[in-house]
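Peer 1: sequence-free structure coming up:
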């Protein structure tokens with residue numbers, strides 16, 4: 001919505017701010033949602049925790065895109081390529097939809113967005129990859145030109161709901177203005193990204209699982225949360241977890257011998273086990289020939305920036321590596337989608353990008369870029385159109401301002417116990433990281449270890465629910481701590497409900513796939529976490545496993 005001071009007017013204009021669609025987030029899914037909602041005729045406000053165009057994982061690097069021309073053989077190969085890896089939990093109808101939508105939107109980015117795609121030797125444009133900084137710079141320009149009002153450095157802290165339980169806006173805190181704000185809206189799109197638990201992976205400092213917490217507090221469910229044990233390879237002491245190029249690497253032990261079985265894909269568990277002994281692991285991209293080396297530098301220049309600054313030639317020098325947790329940023333789980341428009345089952349609430357489950361197209365396995373980027377583009381576009389349609393169906397935009405609303409937030413915002421000894425958000429974050437970062441708890445999973453961690457996290461949730469509270473900027477941090485704790489509990493409850501190895505949800509105590517568990521696992525709840533199996537589209541059975549009780 002544009003006022004007399006332009007689409008990004010002064011903070012004083014925020015009193016009683018009303019719009020048709022509020023988009024929460026600032027990455028590709030959020031900007032596509034805002035753009036498509038505006039094009040559908042809705043007034044749109046976008047609230048980003050950081051600065052829209054530079055915050056988030058995409059803006060910090062480059063990404064491949066699942067961009068496949070509409071040729072039957074190519075589309076069939078594209079859909080078949082990941083089905084087995086994902087444990088056959090994906091949905092072909094959704095795959096086809098995403099391929100269609102992504103193809104159209106990427107082409108739109110080239111024409112309307114004037115994105116400078118490179119061309120191949122034959123003169124044809126190469127549209128299978130995007131440089132994040134330029135991509136997001138252009139998306140910010142596009143949404144501003146469409147009339148979207150952008151609230152930068154304005155993290156949302158809770159959703160607002162009306163008397164019927166429909167989502168009716170959100171409240172938050174403007175960091176630079178140092179003041180609270182709220183936006184009343186006919187519909188809200190959550191595009192807040194996944195949760196990497198502040199592991200230090202590049203671009204994930206804003207990805208603390210906030211959207212999943214907001215959705216659960218409003219009554220939405222999550223799905224695929226067991227597919228959350230993603231770890232990216234990074235040079236030791238750095239943050240760049242671009243893993244694709246490690247397919248050209250040889251991994252070495254400290255004594256210089258080859259670390260047998262270690263690999264960028266399919267061999268990271270070997271790296272994790274070696275690191276758990278306290279020994280260092282080294283890598284060298286010595287399997288890339290001269291042509292591949294040149295192509296790699298062109299495709300992902302930011303991957304090599306760290307090495308260049310450290311004076312390391314990644315192709316000839318050995319360098320120490322580590323594994324950084326990427327959770328549901330690179331994993332699959334998120335808010336459960338209940339409709340083609342990315343509705344969540346809660347009236348007025350939509351989800352997109354990493355905040356939403358990617359099971360529809362990835363099943364139980366995903367990676368960096370490619371499918372993730374395509375899902376952000378497609379789900380963002382659908383959620384924006386869906387939210388606009390819902391908001392405009394309510395009638396006059398002023399109806400949102402007339403609805404009495406209530407804050408849906410709980411943990412970290414409205415403690416249930418005495419405030420005599422308020423909880424510490426730093427302590428809460430450190431506790432959840434201690435249960436989620438270690439390889440022998442989250443990556444190399446066993447049922448008894450998962451259960452022990454879940455008990456610890458349940459107790460932590462009970463404490464923070466009773467005492468954790470923040471004001472101003474500390475409220476944002478308190479809510480982040482609550483979101484990360486909730487995220488970890490949903491992850492481990494779902495992992496315990498899948499006693500098998502399927503997709504990326506590997507269990508050392510159940511190394512094989514169990515055909516009886518060929519279903520998805522829905523998870524939800526706050527003070528008490530629950531799980532239940534959910535049938536795949538077109539099947540009539542959820543298998544033999546019943547609901548699994550989680551935390552009390």
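Peer 2: Done, it's in. Since the structure is predicted, the reported quantities are computational estimates derived from the model, not experimental observations.

Peer 1: in this protein, which ranges drop under the pLDDT threshold?
Peer 2: Scanning the chain for pLDDT under 70 picks out 1-16, 367-368, 396-401, 419-422, 538-552.

Peer 1: Which is the succeeding secondary structure element to the strand ranked longest in it?
Peer 2: Longest strand of the chain, by residue count under DSSP state E: strand 179-190. Next along the chain after strand 179-190, taking DSSP states H and E as the criterion, comes helix 210-218.

Peer 1: on contacts alone, who are the packing partners of that next one?
Peer 2: strand 156-161, strand 179-190, strand 222-223, strand 334-335, strand 349-351, helix 473-496 (3 or more CB pairs under 8 Å, 6 or more residues apart in numbering; DSSP states H and E). To be clear about C-beta, it is placed using only N, CA and C from the backbone, and glycine gets the same treatment.

Peer 1: quick one: the fourth one to chain centroid distance?
Peer 2: Okay, so that is strand 334-335. 8 Å (CA atoms, centre = their mean, to the nearest Å).

Peer 1: show me where the stretch 451-552 of the chain has strands.
Peer 2: Remark: strands assigned in the stretch 451-552 of the chain by DSSP state E, counting those that start in this stretch are 520-524, 530-534, 548-549.

Peer 1: which of these sits most buried?
Peer 2: Sort the strands of the stretch 451-552 of the chain by mean neighbour count, taking mean count of other CB atoms under 10 Å, and strand 520-524 sits at the top with a mean of 25.

Peer 1: contacts for that one?
Peer 2: Outside strand 520-524, the residues that touch it by CB atoms under 8 Å, 6 or more residues apart in numbering are 89, 216, 220-226, 336, 359, 490, 493-494, 497-498, 529-536, 550.

Peer 1: coming back round to it: as JSON lines, the strands of the stretch 451-552 of the chain with distance to residue 319 would be great.
Peer 2: JSON lines is the format used below for the strands of the stretch 451-552 of the chain (distance: least, CB to CB, whole Å):
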{"stretch": "strand 520-524", "distance to residue 319": "39"}
{"stretch": "strand 530-534", "distance to residue 319": "41"}
{"stretch": "strand 548-549", "distance to residue 319": "43"}
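
Peer 1: which stretch among those comes nearest residue 449?
Peer 2: strand 548-549 (16.7 Å; CB to CB).

Peer 1: which residues does the closest residue to residue 152 other than its chain neighbours contact?
Peer 2: In space, and not counting its chain neighbours, residue 152 is closest to residue 51: 4.7 Å by CB to CB, 6 or more residues apart in numbering. Counting by CB under 8 Å, 6+ apart, residue 51 makes contact with 26, 152, 153.

Peer 1: Look up phi and psi at the nearest residue to the first one once chain neighbours are set aside.
Peer 2: Distances taken as CB to CB, 6+ apart place residue 48 nearest to residue 26, at 3.1 Å, with adjacent residues excluded. The phi/psi pair for residue 48 (degrees, to the nearest 10) reads phi -110, psi 140.

Peer 1: cool, and residue 119?
Peer 2: Torsion angles, degrees, to the nearest 10, at residue 119: phi -120, psi 150.

Peer 1: how many other residues sit next to it?
Peer 2: As a burial measure, residue 119 scores 10 neighbours (other CB atoms under 10 Å).

Peer 1: Same question for the one 3 residues further on.
Peer 2: Here the number of neighbours of residue 122 (other CB under 10 Å) works out to 5.

Peer 1: Helix or strand: which one has it?
Peer 2: With DSSP H and E as the test, residue 122 turns up in no helix or strand.

Peer 1: measure it to residue 68 for me?
Peer 2: 18 Å (CB to CB, to the nearest Å).

Peer 1: before we move on, what about residue 124?
Peer 2: Where residue 68 is concerned, residue 124 sits at a distance of 14 Å (CB to CB).

Peer 1: Neighbour count: these two, which is higher?
Peer 2: Counted by other CB under 10 Å, residue 124 and residue 68 do not tie: residue 68 has more neighbours, with 19 against 9.
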